[in-house]
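*Asks:* this is the structure alone, sequence omitted:
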């Protein structure tokens, strides 16, 4: 198990005593990996063409001596001031067409020929210098790619991208963007500009294509970095660190050339409005998505051992939470736990961001002690590395669909909540300890038995056809309101929603959709009385739908003019079936509802061994080489007891002892890793 | 009765099947009118100087064949991309002096010589081409004029406008703008710039004159469009579509050359904080204002048959509401019901805006069926066309006063609420089914018996004198706090408010005004016990006033240092009287108060026939050619019963039957049109 | 006692009748001082190089005749339009690098050579013209200095300032700004730009130095104005008017060359969420700070006799409040009461700002009558002029520390509340009528017995050493959470907080700090039961601290993982002691806590004469020439009774009578001034 974090010795070169302490304390914490060089360009090239690798050579050697592997970053995440001064074209231009001044980080033009050339040069110097260094373990390409540039170079590149997409036919573009509306037909590609607050921002097709172009251009930039190092070190894997929640890039599209997915996880644990249990599910969602991207173990590249410094309120992780959240990552398929950062810097923007080592500097802080404890746990889990999570269920969450929903004109502008809704549907499975993948529309469906696809507003490419085949062949689809409205360029389907042939698969026609005010509620009644409550509140959106022939109505509306009309339906189709939820429900309903479906289709759950799953406990499983590892995670701040159906024969991986009981107690935020 | 909506066949030219369906379905819905060409410039002139009228010719012919009249728009509401590329001067410059990029619509410089010339050219081409076409019914000049441009051409035009207003005398301007304050006296007109966030924005006189100039320049632009078509089609009437709530233009000033007023009505029915009854009053306010502008029937140019797509929450109109709100328009003097739009487009910004025809495309939707039902109702109301509403009361609501109040430094910056206050005073009359005009300060008062003039902060032109004459001659004026503070250039009157001679007419001196915090309340006691409650809460503003000689105090304050001081007064003046309300009250007080006055002066009410007017029912009346048409409108979501004093002899216009009962039941959102 | 206000006769030159009324009414109100010329540049120099001093000559003469002293302003607070037109360099450039247009006031570039030369010229013309005029009493240098300019001239001046501070050594700057982080090391000073939204805004050292430069440049500008007049009128004192709450300038630094401190006080009395008692404490805080700046009487330069016009809600001062708040100023050391302004102007931005004379124009308004009453009171207080307030306690409130806390990344971004916390600690003393100075970190501590220093995040210069000496020598320090984190350039101290040697003085190690959500609370238990309640709520911040050897724990936490850990401690050090409060408490706790300390160390309180101090009463004292003046101020809106321990022998300064009772009643907002 990789255990470590970002390490910035270049900030401490005048303090050899501190560097020496680093060696001593890393050992104490069982650190076996550091990420170097993330923002070191200026340290490596203090003036244009003048290089200084001394400090990095020494650090690499020192790490090698300590038996620590280096995740070596290409330093393209921040540029030195001299570069911006000498080559202003590298500075990003914002949507309002104002060129940035030098400052911050991550504000490069990804199109700039100079920057592309210069980054390739720097990456290859690094690759050549350290290709045979024993410490070199992995390439960390740049840092948290993101953002967009509207400079003239990017405008031209965007137009070229459009020319290619639309076969150099402006009328094809005009049709797909529906520019007849508001007299917006273009005569020539060079009339087109990227979206701007003082320019065009009402053509959804333009917006979507711009977002796609931004992903394309970022990917192109990243791929040339990957190529630069791969030419020299073909056997060293490459990753880049992704961010949860970030919607500026389609990570699925970006990932093609990466060997490993890694991400930075900074959830706001102990939130005043989101329980730790709910937060546990949300973080699980991201872990599962990043694992699903390559269908193999991923890396947790950054996390904080205590707090961050950029939340509205920055709470310290309560005792136990750092271990719980780190083991959760492993439980979902991570082969690492990494922190940002090893040691707090003395100054600048992130000096109060949690780190293993405080400004205080010793091993006697609460945070260091918990990190050291986790170090020992991870050592004992070494054999888990490389094993996988297997899921019979998948939640369909799609970045392009998110862009489309976010930008659409309609519904409630402040409560689109596509990502959150996907998370809530995921949470319903997670609360039953049902393993799930999180996939986008380009991924195969046929390996799953259940696919949950909320708010499938945009039907990209051939997804409608693949859904049809999936259900025909026996799959169970759960979908609902706002499904099948538009094609991939945001053109509405004609003939009734869900469109593109899905109406007959889903078995309903969604005639209208009513948006509720934030304080409004309707409710739905579950007709056969088989759920725990007679009626469940719904909010935000109520679709007014008609059940087609053969569609069973499972619940109907309690109020308003659509009282008595279908609210939840079930439609047998081929060997499979489709469930449809017409309105936005709370997660308690979803949990019961998905539990019922899981039972009906005998979906595998990791809670199969236990009599009852207490609120707040999630059981995860990794498998490989004939071994099975169970993770028992307690997200509740109270002690919880799990009762097995019968005495189980496990090895407790953390203490190495045999575990052979019918009961398992977990302390608040406690964890247990048991090997079958 | 004109019945129809915006029709954009140019978006469907590749789908003749759909155009054919349009014909079939318009007939089914009793549509007799369409608005064409609103955003068709690019379709008509695909390249500069290259024209294509084929599709429009065909559509005009097709409409003529179907017996449908065309409201033909001049297409100046949106420009083709080639124009912005070739002639950037047409692009508006915002207040921060940034020139727009091509995009959106409605963003032209109204001063641009090129745009003026080009629009005139296009308008005349259209007029010449269709002047004798049997389908041509009305000119729809441009679309929803609005906005302002701060480009150098507009700056120069603004200075010329100032030179003319101030007789080329910079010192006259300096006096009226009170530029002695903060060392702001100008030496020359060319030192003046329009208000800017990074420049001048504290001279109220400058702001007011800028707003007046914007209206002037827009009017000048519109009038040259009117002239362009009138030169060729002198007998075809012209209108432009106004917007409710919009405060960027003084519509009274703009209307001079229009033959008919029309407006676009998009209220948020079924709002979570505004009851449908209250909303009914607000919409009535606008209908009555737009009718009052020309003192003749107006047109409802746009509305939605179901929902809009740009509210924070977009609710569908409940069953019945489309018919109710459409008939309400007719009841207040509209000779049309028109929708935006006939058929939902497949893409772009308004694809989810309600339309008669859904993407689904058939006549089997709830919305289509209600539209068809309304079509039949309107057919049966044909004879009402041209009849008028007669009002003995008027609410004075003035756009320039609104600008002045909105921009003043003082009171509570977040609760000026001038428009809303006017609506609440109007609502008090509306709840008694008292017909009212809504007029601005330039309109004659002598035709009314009651004028309600809240927050008459700015006394434009000769309004003070005309008010005095109105009261002297027997009129009843109701006014209140924040009245008579400034002249038309925002200079305070000296000698005590209300100024300009009104103090003696109103009979009070307003010494101070106290602003309350949002959660603060005071209350007032009605002294003679004749209202239903002993005391009524007041909020926002409490004027501290002194009753002059002969002024009767009807209510006084309950709390604070002005406890016991006058809160409502009555002052006999000449043959008339003035009521004054010192503090902002709730509508329940206003309703009782205006009811009491109406009784006292025997003001006519349409509720005269009925024993009691249930909450939520409004009765309106149109008269003409010796006929009287009563409209009974139920804005409540429950059934309501109206009891007449004695059996009435009516013809029910909708079913053509004789109505001869003492009771009338109205379903939720139900309507009844009875002819006497 | 100076009594008067801003007077703008140049706005009324066409109304000699009004100027004559001014003379009559000033006498009636006992006015003895006016401030002239504040925004008169355009009136004095209507065109570049063309002067008109006639009106000012006449006004000066008229004032002299009336026996009224003139506070003569240099008119640099607003520029004439011709100057901006002819010399655009004088216009400020905002942080986003947009040059202002002409408009508003106070928007000059303080670096501009033209503006500096021109202002000096104008100031000297004025000084020469009026140096021997009998009316000239005081120079009022410019008006409410503030704001910053980012133009190229200022950028260059900023770089020069940095070169000087960092000894022309870019590496010293790099170290202090910790630019190693995010690859931000600079190679040359000319790579540096001021903070910008589209540029650098994450280097705290840059931000702090920019703020210091802004103060430096403003001071340099002000000092050249002072020098301009001092060269000609060396014996006339100079002041400039400061603003409460304003954080753009470090007033302590700015004050060096001023003879007298003056300030503009505009509190929001009668606020819906802040009681008048609390507001009284807040205003007292500012009075005491401005008095402490020169350790001598100050001037209240501006205030309103009724309301302002720029609050969200503008409430009129209740009867009595103008007298109370004016006498409060005197009680805290002011030798004046001045208003903005004498007479309301007819137009522009501040026409609804309260003034002695209303637009109504007579002496019969409530406001005028109260001003006249106050005039008489101030006349009777003449002998108090020049006497001082003596304080044994000080609250340490530092502008640079405020900048640092406001800009730090961490804690809760919306609840830093440094200034408010200082005010709340001050309020705890004020509620016991304990006189306090309010000082910054540069001021000597040794004259005090108690120093209250909340949130001493940044330890500037030698403050840590001076605190140590202060405590060693017997002083009592009260401090708390977020103390001793960084040095003056925002570099964190290593070795544990509070740093720079303070840990051993304070007796605690602050290991972590937890931020609470806005709706979260913890509480602390006072361990020895000596306070009135068993437990007190805490909010916002809870530091997790360890008591060092010899540190007594007075209170501990009730909840969360730090339950039972120290919340309040006391550490004896040398001859003194340090109290430390680990979490943010409410003021009721602070009041009890500081009361207990005051008792313990026998701190002097002005409430020593009275048996019990009723809620809302503050007793202040001025002393000099062997006389003692007691001010009894009632901030409550109810009548309050004060009972003396024994009959006191006083002279009532207002009515001149002997006061010899054991009881004193104060009306709502009542005042009493008694001389011992």
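*Replies:* Okay, I see it. Since the model is a prediction, treat every value here as computed from it, not as a measurement. Numbers count the residues shown, from 1 in each chain, chains lettered A, B, ... in the order given.

*Asks:* burial measure for residue A:655, as a count.
*Replies:* 12 (other CB atoms under 10 Å in any protein chain shown). Just so you know, the C-beta spots here come from the backbone N, C-alpha and C atoms, and that holds for glycine as well.

*Asks:* check the secondary structure at residue A:423 for me.
*Replies:* helix (DSSP: H, G, I helix; E, B strand; the rest coil).

*Asks:* ok, residue A:232 touching residue A:131?
*Replies:* Yes - using CB atoms under 8 Å, residue A:232 makes contact with residue A:131 at a distance of 5.5 Å.

*Asks:* the closest residue to residue A:560 other than its chain neighbours bridge partners, please.
*Replies:* Leaving aside its sequence neighbours, residue A:560 sits nearest to residue A:522 (CB to CB, 6 or more residues apart in numbering or on different chains; 5.9 Å). With DSSP bridges as the criterion, residue A:522 is bridged to residue A:538.

*Asks:* in this structure residue A:522 contacts residue A:559, no?
*Replies:* Yes - Residue A:522 is within contact range of residue A:559, at 5.1 Å (criterion: CB under 8 Å).

*Asks:* ok, those two, which is more surrounded?
*Replies:* When residue A:522 and residue A:559 are compared for neighbours, residue A:522 comes out ahead with 19 against 13, by other CB under 10 Å.

*Asks:* for residue A:540, see how far away the more buried one is.
*Replies:* Applying CB to CB, to the nearest Å, one obtains 10 Å for the distance of residue A:522 from residue A:540.

*Asks:* what sits in contact with each of those two?
*Replies:* The overlap between the contact sets of residue A:522 and residue A:540 (CB atoms under 8 Å, 6 or more residues apart in numbering or on different chains) consists of A:516, A:583.

*Asks:* which pLDDT value belongs to residue A:490?
*Replies:* Looking at residue A:490, its pLDDT reads 97.

*Asks:* quick one: average pLDDT of the helix or strand encompassing residue A:567?
*Replies:* Assigned by DSSP states H and E, residue A:567 belongs to strand A:566-573. In this model, strand A:566-573 carries a mean pLDDT of 98.

*Asks:* and the helices in the stretch 1-150 of chain A?
*Replies:* A:16-28, A:41-44, A:54-66, A:81-86, A:113-130 (DSSP state H, counting those that start in this stretch).

*Asks:* return the most buried member of these.
*Replies:* helix A:41-44 (a mean of 24; mean count of other CB atoms under 10 Å in any protein chain shown).

*Asks:* check which helices and strands that helix sits against.
*Replies:* helix A:54-66 (3 or more CB pairs under 8 Å, 6 or more residues apart in numbering or on different chains; DSSP states H and E).

*Asks:* so what pLDDT did residue A:461 get?
*Replies:* Residue A:461 is given a pLDDT of 78.

*Asks:* pretty sure it sits in a helix.
*Replies:* No - assignment of residue A:461 by three-state DSSP gives coil, placing it outside any helix.

*Asks:* ok, it - contacts?
*Replies:* Applying CB under 8 Å, 6+ apart, the residues near residue A:461 are A:441, A:442, A:488.

*Asks:* burial of residue A:626, as a residue count?
*Replies:* Using other CB under 10 Å: residue A:626 sits among 6 other residues.

*Asks:* quickly note the distance from it to residue A:675.
*Replies:* Taking CB to CB, one finds residue A:626 at 11 Å from residue A:675.
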